[in-house]
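In: Provided below are the primary sequence and the corresponding predicted coordinates.
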Amino acid sequence: MTENLFCLELQKDSFAAIVVDASSRAKVVTDCCFFKDPDLSLEQVAEELKQKTGTSNIRCVLLFSPDFFLFHNLSLPFGDKKKIAQVLPYELTENSPVAASSLVLDFLPSNSTTNETDILLAGLSRELLSKRLSTLAAAGLDPDRITISGEAVCLNIAEGLQQKDFVLLNCQEKFIHLFLVRDGAIVLIRSIACGSSSVEATVLEISRSLRGAGGRNGESTGPNFYLSGNKKHSNELADCLTRQYDSATVQLFAQSEQPFIKIDEKISNDYDPERMDQLLAQTVRVNGKGFNFRKDEFKKSKSIKEYRSIIFRTGIPLLLLAVIFFGYQGYKLRELKVKHETLRHEIATVFQETVPEVTRIVNPIQQLKVINNNISTTYKAGIPGGGEQHSMIGLLIELSARIPRSYKIKITRLVADLDTVRIKALTSDFNTVDNIQKELEKSAMFSSVTISSANQTAKGDNVRFELNLKLAR
């Protein structure tokens, strides 16, 4: 699926725009245009862009030239970004004649220690930004990001270097935009007029700006320089910088000549690297670090398409989780039904074995309770007229507790009266009969336990025996 990205740059006297296919790692410039007409309004440019590039309702990045911004370098005694954002208006009020409320502010941390944090502060006119966004919105353009042109070129250069200290000079016809980078972070941005000045005067102004920034870039040995934009100015500056700074490294940088960048053959003659490379650099890192003035009241609200995308990304996992959850609950319900049916069958089996004379089973547990109550009323052994009485259930419980579960025994007959209990049963051997007698003798319920008889069955596989148990009084 093609993912187009539109990038528009606004300068004091010109407009430039490109459309990039960003659906893969390789970025392909599919369309571009440039307008240089002092009398041409942004409304006309936006409408013409819409007709020329078909950029309505696609992802958009808006760049403003550094000439539109107010820059300040500040040092604050803390490093928390939320706290920094809170105190910026007060710091700007003390250090600038411009009212902080009239600017949209953003900052980049340039250096941080345990005691203080150095930041680069940038401010853009709220009124200007509001007008530009309204004009673009009328043409169907709603930028996702608003930043400073040339910033992305710095960050892209820094990514490819081990020694991340350098100066980028982005050369335009009337201005040179200076970006000072230390340890991969932008610490200084300046706009230097060069339209009517000599190259030597321009280099002198560059040197003053670097010395004013302090640190290691103001010495005569000079930093590493990268030059981009207007080739005529770049070549003139390169010669002068080499003379001005001892052992300075000066290189030309073109974003369109970097790997994974392609220019569509249909627009190869229209694409102007001097004016459009800084737009191309921004499309490489549209979601990367750097300034973003799409904030506060200018923060972009999500479109229906974006909400649909969020719903699609979150809805499918939630749907899968719901299917798994209800599937698991269904499995557990079926498992419980199987267990319930098994227990019901086992209860019915025990009931039939216990009271085989009852053929109609409705509620086996309740029916057994009724039978148990009836047995309790029909037999109560013990001392007539007083003393402890023994019910049939109590008798059966005592027999079950005293005869170990491991003994193989089948009671074939049990007769009880007020004084005696007679048991006829089958077991496996004579030793078991003796052991059963000994276990029952331990019970306080019986005063004596006697083996009345013990004989082997006709088949010789079991022992038939009879016990006579005297109830204690």
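Out: Everything's here; your move.

In: so where's the stretch 251-400 of the chain shaky on pLDDT?
Out: Low-confidence segments of the stretch 251-400 of the chain, defined by pLDDT under 70, span residues 286-288, 302-307, 376-390.

In: Ok, the stretch 101-250 of the chain next?
Out: Across the stretch 101-250 of the chain, the ranges flagged by pLDDT under 70 are 114, 195-196, 214-222.

In: I'd guessed Leu5 sits against Thr30; true?
Out: No - between Leu5 and Thr30 there is no contact under C-beta atoms under 8 Å: 10.0 Å. Every residue, glycine included, has its C-beta placed from N, CA and C.

In: Please identify which of these two sits among more neighbours.
Out: Leu5 (22 against 18; other C-beta atoms under 10 Å).

In: Compute the distance between that one and Cys32, please.
Out: From Leu5 across to Cys32, the span is 13 Å (C-beta to C-beta, to the nearest Å).

In: Over to Ser102?
Out: When distance is defined by C-beta to C-beta, Ser102 is 34 Å away from Cys32.

In: More neighbours: which of the two?
Out: With neighbours defined as other C-beta under 10 Å, Ser102 and Cys32 compare such that Cys32 has more, 24 against 13.

In: how close does that one sit to Val181?
Out: With the distance defined as C-beta to C-beta, Cys32 ends up 28 Å from Val181.

In: joint contacts of Leu5 and Cys32?
Out: Shared contacts of Leu5 and Cys32, defined by C-beta atoms under 8 Å, 6 or more residues apart in numbering, comprise Val19.

In: on that earlier part again, where do the contact lists of Leu5 and Thr30 overlap?
Out: Overlap between the neighbourhoods of Leu5 and Thr30 consists of 19-21, taking contacts as C-beta under 8 Å, 6+ apart.

In: Could you tell me which of the residues you listed belong to strands?
Out: The subset of the shared contacts of Leu5 and Thr30 located in strands under the criterion DSSP state E comprises 19-21.

In: Just the buried subset of the residues you listed, written out for ChimeraX, thanks.
Out: Selecting in ChimeraX just the buried members of those, where the criterion is 16 or more other C-beta atoms under 10 Å, is done with this command:
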select :19,20,21
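
In: got TSV for the ones in strands among the shared contacts of Leu5 and Thr30, with pLDDT too?
Out: Listed next are these as TSV, based on pLDDT from 0 to 100:
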residue	pLDDT
Val19	90
Val20	90
Asp21	88
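
In: mind putting the ones in strands among the shared contacts of Leu5 and Thr30 in TSV, distance to Thr147 included?
Out: Supplementary listing: those in TSV, determined by distance: C-beta to C-beta, whole Å:
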residue	distance to Thr147
Val19	18
Val20	16
Asp21	21
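
In: Who are the contact partners of Leu188?
Out: Taking C-beta under 8 Å, 6+ apart as the contact definition, Leu188 lies against 71, 73, 120, 178-180, 209-210, 213.

In: burial measure for Phe326, as a count.
Out: 10.

In: How is the protein divided into domains?
Out: Domains of the chain are assigned by automatic domain parsing as 4-301, 379-471.

In: among those, which is the most enclosed?
Out: The highest mean neighbour count among these, using mean count of other C-beta atoms under 10 Å, belongs to domain 4-301: a mean of 17.

In: Check the offset of that one from the chain's centre.
Out: When distances are taken as C-alpha atoms, centre = their mean, to the nearest Å, domain 4-301 is centred 31 Å away from the chain's centroid.

In: what's the span of that domain from first residue to last?
Out: Across its full length, domain 4-301 reaches 20 Å between end residues, using C-alpha to C-alpha, to the nearest Å.

In: tell me the average confidence for stretch 442-449?
Out: With pLDDT averaged residue by residue, stretch 442-449 scores 90.

In: quick one: the helices in the stretch 101-250 of the chain?
Out: For the stretch 101-250 of the chain, the helices defined by DSSP state H, counting those that start in this stretch cover 126-138, 151-159, 199-213, 231-244.

In: any idea of the angle the last one forms with helix 199-213?
Out: Angle between the axes of helix 231-244 and helix 199-213 is 70 degrees (criterion: axes from the mean of the first three to the mean of the last three C-alpha atoms, to 10 degrees).

In: Can you list the neighbours in contact with helix 231-244?
Out: Residues from elsewhere that reach helix 231-244, judged by C-beta under 8 Å, 6+ apart: 169, 171-173, 176, 194, 199-200, 202-203, 206-207, 222, 225, 227-228, 248, 250, 252, 274.

In: let's see it at 6 Å
Out: By C-beta atoms under 6 Å, 6 or more residues apart in numbering, the list of residues contacting helix 231-244 from outside reads 171, 199, 203, 225, 227, 248, 250, 252.

In: For the third one, give me its contacts.
Out: When you say that, I think you mean Val203. Val203 sits next to 240, 244 when contact means C-beta under 6 Å, 6+ apart.

In: Could you do the last one as well?
Out: The contact partners of Leu252, by C-beta under 6 Å, 6+ apart, come to 227, 234.

In: if we go to 8 Å?
Out: Contact criterion C-beta under 8 Å, 6+ apart gives 226-228, 231, 234, 238 as the residues in contact with Leu252.

In: Enumerate the beta-bridge partners assigned to it.
Out: Residues in a beta bridge with Leu252, per DSSP bridges, are Leu227.

In: And it, how far from Asp264?
Out: When distances are taken as C-beta to C-beta, Leu252 and Asp264 turn out to be 24 Å apart.

In: still on that earlier bit, quick one: which of the contacts of helix 231-244 is nearest Glu127?
Out: If you rank those by distance to Glu127 using C-beta to C-beta, Cys171 comes first, at 29.4 Å.

In: residues contacting the closest one?
Out: Here Cys171 is in contact with 194, 227-230, 233-234, 237 (criterion: C-beta under 8 Å, 6+ apart).

In: And it, how far from Ala17?
Out: Using C-beta to C-beta, Cys171 is found at 20 Å from Ala17.

In: do Ile324 as well
Out: Applying C-beta to C-beta, one obtains 48 Å for the distance of Ile324 from Ala17.

In: Over to Arg422?
Out: Using C-beta to C-beta, we find Arg422 at a distance of 111 Å from Ala17.
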